[in-house]
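from the sequence below, what's the structure:
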Amino acid sequence: MERKEILEKLKPVFAWQLGVSEDDIKEDAKYAEDLGADEMDIMILTSDVEETFGMPFNENRLFYPSINVCTIGDSINYIQSRLERK
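Numbering: from 1, shown residues only. Just a heads-up that it's a prediction; the model follows:
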């Protein structure tokens, strides 16, 4: 699956959970700094990503190394690598 396609699937889910516009969900957006995510959001987003892509994801890898520095693009890298191994 292409990066753009993954991003398009994440936009509505992340925007709704984080209370931001879909336009704010960009590859260079940092979860905590740019999107206001906290640890509870991350737990819910992990579950949402698993549901969206129909497979389990490791929260620690999905938001590596922490929500303070991890970007949407970092998460897309991990999702893409997992989908390729599926």
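
list of residues touching the lowest-mean-pLDDT helix or strand in the chain?
The helix or strand of the chain with the poorest confidence is helix 59-62; it has a mean of 87 (mean pLDDT, DSSP states H and E). Residues outside helix 59-62 that contact it (Cβ atoms under 8 Å, 6 or more residues apart in numbering): 42, 43, 45, 46, 49, 75, 78, 79. From N, CA and C alone the C-beta is placed, and that goes for glycine too.

now, of the residues you listed, which are buried?
Listed as buried from the contacts of helix 59-62 are 42, 45, 46, 49, 75, 78, 79; burial here means 16 or more other Cβ atoms under 10 Å.

wait, the second one touches residue 25, no?
This means residue 45. No - contact between residue 45 and residue 25 fails when scored by Cβ atoms under 8 Å: they sit 11.1 Å apart.

okay, and the common contacts of those two?
Common neighbours of residue 45 and residue 25 are listed as residue 14 (criterion: Cβ under 8 Å, 6+ apart).

next, the closest residue to residue 56 other than its chain neighbours: phi, psi?
In space, and not counting its chain neighbours, residue 56 is closest to residue 50: 5.6 Å by Cβ to Cβ, 6 or more residues apart in numbering. Backbone geometry at residue 50, expressed as degrees, to the nearest 10, gives phi -60, psi -40.

give me the number of residues near residue 50?
Residues lying near residue 50 (other Cβ atoms under 10 Å) number 14.

how much space separates it from residue 75?
Between residue 50 and residue 75 the computed distance is 13 Å (Cβ to Cβ, to the nearest Å).
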